[in-house]
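# next come a sequence and a model predicted from it.
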Amino acid sequence: MISITSKIPSKTLTRLFLLRNLSTSTESQTQKLNRIADELLQLTKIERYDYTILLRHKMGFNKYGPAVSGLESAQGSAGAGAGAGEAKAEKTVFDIKLEKFDAAAKIKVIKEVRSFTDLGLKDAKDLVEKAPVVVKKGVTKEEGASIIDKLKELGATVVLE
């Protein structure tokens with residue numbers, strides 16, 4: 001495998017590595033960042049492109065995105081010690097899915113769907129007739145529970161996803 005550094009001109013590599021070694025311990029973080037930014041702005045377009053390739057390579061990025069994120073690997077090792085139960089975050093946004101409904105209560109279900117959506121009569125009717133279908137997206141658990149209770153009272157089978 002050819003090293004990425006072999007494709008970058010040696011002048012550029014020398015300049016990049018000198019950037020890193022020129023900082024002094026008395027230099028503040030802001031001064032250091034300003035100096036690095038000035039040095040990067042002095043690079044030619046090709047040198048900047050080479051620098052971005054080298055930086056992406058050093059950070060673990062490939063052509064399509066990160067190969068392995070540092071945060072994920074750190075969390076994975078910490079999560080293994082803490083326990084796998086805490087690895088999943090609790091879901092806060094839900095979708096309400098109408099599975100099926102009683103044919104006798106179709107009109108009542110349509111009216112109820114209209115009450116919690118901004119749909120007209122025809123759109124609500126078409127939506128209800130497509131069951132199983134998601135009737136409302138992005139609701140909280142409390143809001144979803146109240147809507148589900150209302151629809152279940154009318155004879156519909158509803159699921160909070």
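Arrived safely.

# list the contacts for Leu55?
For Leu55, the contact set (Cβ atoms under 8 Å, 6 or more residues apart in numbering) is empty. Where you see a C-beta, it was placed from the backbone N, CA and C, and this is true even at glycine.

# list phi and psi for Ala103.
When read as degrees, to the nearest 10, the backbone of Ala103 gives phi -60, psi -30.

# burial count for it?
Other residues near Ala103 come to 8 when the count uses other Cβ atoms under 10 Å.

# try Glu39
15.

# check the gap between it and Val159 for me.
Computed as Cβ to Cβ, to the nearest Å, the Glu39 to Val159 distance reads 58 Å.

# the protein: strands as residue ranges?
61-62, 65-66, 94-101, 133-139, 156-160 (DSSP state E).

# among those strands, which gets the worst mean confidence?
Of all these, mean pLDDT reaches its minimum on strand 65-66 (a mean of 52).

# shaky segments in this structure?
Applying pLDDT under 70 to the chain flags residues 1-26, 62-89.

# in it, which spans are helices?
Taking DSSP state H as the criterion, the chain contains helices spanning 10-21, 29-42, 45-59, 70-82, 106-116, 121-129, 141-153.

# helices or strands up against the shortest one?
Identification of packing neighbours for helix 121-129 by 3 or more Cβ pairs under 8 Å, 6 or more residues apart in numbering; DSSP states H and E yields helix 106-116, strand 133-139.

# if you count neighbours, what's buried in that helix?
For helix 121-129, the neighbour count (16 or more other Cβ atoms under 10 Å) marks 124-125, 127-128 as buried.
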